[in-house]
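Need a 3D model of the following:
(one chain, ligands or ions: 2)
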Amino acid sequence: MSIDNKKNIAILGSTGSIGTQTLEVIRDNGQLFKAFMLTAHSNAYLLIEQAIAFMPKYAIICDETKYAQVKEALAHLPIKVLGGYEAIKETVTHPDIDVVLTAMVGFAGLEPTINAITAGKDIALANKETLVVAGEIITSLAKKHCVNILPVDSEHSAIFQCLAGEQDNKIEKIILTASGGPFRGRSAEFLANVTREHALKHPNWVMGAKITIDSASLMNKGLEVIEAKWLFDLEADQIDVIVHPQSVVHSLVQFEDGSIKAQLGLPDMKLPIQYALTYPNRIKTNFKRFNFIDYPNLTFEQPDMATFRNLKLAFDALEQGGNMPCIINAANEVAVAAFLKNETGFLAMSDIIETCMQQITYIQAPSLDDYLNTDKETRIFAQNLIQQMPLKAVRS
Ligand code: NDP
Ligand code: MG
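Ligands and ions are numbered 1, 2, ... in the order given. Prediction:
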């Protein structure tokens with residue numbers, strides 16, 4: 001807590017979609033929050049602009065080739081500028097930080113989050129890959145250090161909100177809603193020829209490139225199923241997915257008596273971000289309000305797991321447990337990066353993930369080192385696989 005009683009927030013990934021929206025929430029609630037630490041991977045310009053506007057104690061650029069540029073631009077200000085991933089991992093434990101909002105993308109979020117939990121920081125978790133890769137380690141560390149893991153992902157925030165006041169009531173199941181992405185209802189023949197430009201056009205949400213591709217392939221929902229398992233201590237058969245193209249019902253909880261609670265609202269990540277920062281309280285906002293009259297048809301349908309195989313693969317990985325979710329995460333990160341560079345096709349992403357699941361060494365009870373090694377091993381394997389795939393085969 002700062003001397004003026006504001007919550008000091010560290011934003012890992014402040015230059016991304018979630019990071020910039022978090023800064024808007026902080027700006028709109030300057031009496032409650034202070035941006036204490038901002039980090040970027042390589043977007044030096046935006047990090048500099050944000051640091052000048054928010055005057056954090058620390059501004060950290062992961063890409064060390066950009067360090068001098070950031071350092072020079074902020075030299076006249078009382079901001080400590082650091083460079084490199086190690087600096088993020090260390091600074092996140094600073095005693096003055098109250099909440100760490102993890103909005104980095106991918107596996108890179110894991111180690112800083114572990115360090116933050118070990119230092120007793122509450123985590124506002126956007127970086128779902130952290131829980132997918134090492135959910136068991138993260139949740140048991142959080143318990144040990146008495147820290148809250150507050151979900152930012154809209155579906156998990158919805159469930160978290162539905163569970164308020166229900167501590168002693170058993171969850172029968174949860175229902176995660178999925179928009180279905182830009183290719184909802186499309187056939188495998190159609191998907192064989194889609195490009196990154198098609199896939200980057202999400203109907204309801206504006207997000208970073210990786211999660212947008214994951215949404216188009218339904219891997220995002222697969223990752224969210226695994227994330228939900230760990231956040232809410234559920235078995236795979238207690239997690240349902242339903243496609244809801246309007247993205248108004250953000251998710252639902254069904255209790256033992258059959259009652260279902262849902263959380264609704266317009267699709268806007270600022271609400272779950274703010275709830276994670278103000279939890280257990282709510283504060284007034286001027287966000288646009290949802291009106292039923294504007295949405296006379298809220299519709300629901302089964303996800304097509306035969307065409308969108310990634311969702312099925314994620315359920316399989318959850319059933320198998322151990323390092324399997326870590327394997328699918330790493331394979332998916334490599335596949336998505338390749339798809340974004342036009343080096344692989346949309347459907348081939350599932351082939352890459354499935355082959356990695358079959359070929360990478362399975363470990364039933366992995367340690368943190370095992371996860372780090374699995375991630376490395378899978379990335380190398382997936383990369384080689386992509387290079388061996390003829391581009392023609394990859395695209396069809
Ligand atoms: P973006 O790609 O928009 O932003 C990612 C941020 O992380 C940027 O600040 C980026 O820096 C930084 N970053 C990327 N890679 C690394 C790395 N290897 N090391 C350090 N920093 C890195 O992603 P989003 O904001 O869309 O998503 C962030 C996380 O939140 C993801 O895990 C996503 O799944 C999750 N999430 C996002 C939602 C959304 O609406 N966007 C909704 C729910 C969850 P730089 O800008 O310099 O590249
Ligand atoms: Mg989500």
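
ends of stretch 27-42, how far apart?
For stretch 27-42, the first-to-last residue distance is 23 Å (C-alpha to C-alpha, to the nearest Å).

touching ligand 1 at all, that stretch?
Yes: for stretch 27-42 and ligand 1, the contact criterion (C-beta under 6 Å from any ligand atom) is met by 40-42. Just so you know, the C-beta spots here come from the backbone N, C-alpha and C atoms, and that holds for glycine as well.

of all those residues, which comes closest to ligand 2?
His41 (21.2 Å; C-beta to the ion).

Packing partners of the helix ranked longest in the chain?
Identified as the longest helix of the chain according to DSSP state H is helix 368-388. Secondary-structure packing of helix 368-388 (3 or more C-beta pairs under 8 Å, 6 or more residues apart in numbering; DSSP states H and E): helix 128-144, helix 324-340, helix 348-359.

coming back round to it: redo the residues of stretch 27-42 next to ligand 1 as CSV? Include pLDDT, neighbour count and secondary structure.
Below are the residues of stretch 27-42 next to ligand 1 laid out as CSV (pLDDT from 0 to 100; neighbours: other C-beta atoms under 10 Å; DSSP: H, G, I helix; E, B strand; the rest coil):
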residue, pLDDT, neighbour count, secondary structure
Ala40, 98, 28, strand
His41, 98, 18, coil
Ser42, 98, 12, coil
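
does the closest residue to ligand 2 within the stretch 201-350 of the chain sit in a helix or strand, and which one?
Taking C-beta to the ion, ligand 2 has its nearest neighbour within the stretch 201-350 of the chain at Glu224, 5.5 Å off. Assigned by DSSP states H and E, Glu224 belongs to helix 219-232.

now check that helix, is it near ligand 1?
No: residues of helix 219-232 are not located near ligand 1 by C-beta under 6 Å from any ligand atom, the shortest gap being 7.0 Å.

how about the nearest residue to Phe36, chain neighbours excluded?
Computed as C-beta to C-beta, 6 or more residues apart in numbering, the closest residue to Phe36 that is not its neighbour in sequence is Asn8, at 3.9 Å.

Any regions of the stretch 251-396 of the chain where pLDDT drops low?
Within the stretch 251-396 of the chain, the stretches with pLDDT under 70 are 390-396.

Get me the contact residues on it for ligand 2.
Residues of the stretch 251-396 of the chain lying near ligand 2 by C-beta under 5 Å from the ion: none.

Could you list the contact residues of the stretch 251-396 of the chain toward ligand 1?
With C-beta under 6 Å from any ligand atom as the criterion, the stretch 251-396 of the chain meets ligand 1 at residues Met269.

Could you give the residue of the stretch 251-396 of the chain that lies closest to ligand 1?
The nearest approach of the stretch 251-396 of the chain to ligand 1 comes at Met269, 4.6 Å away (C-beta to the nearest ligand atom).

Name the nearest residue to that residue, sequence neighbours excluded.
The nearest residue in space to Met269 (C-beta to C-beta, 6+ apart) is Gln21, at 5.3 Å.
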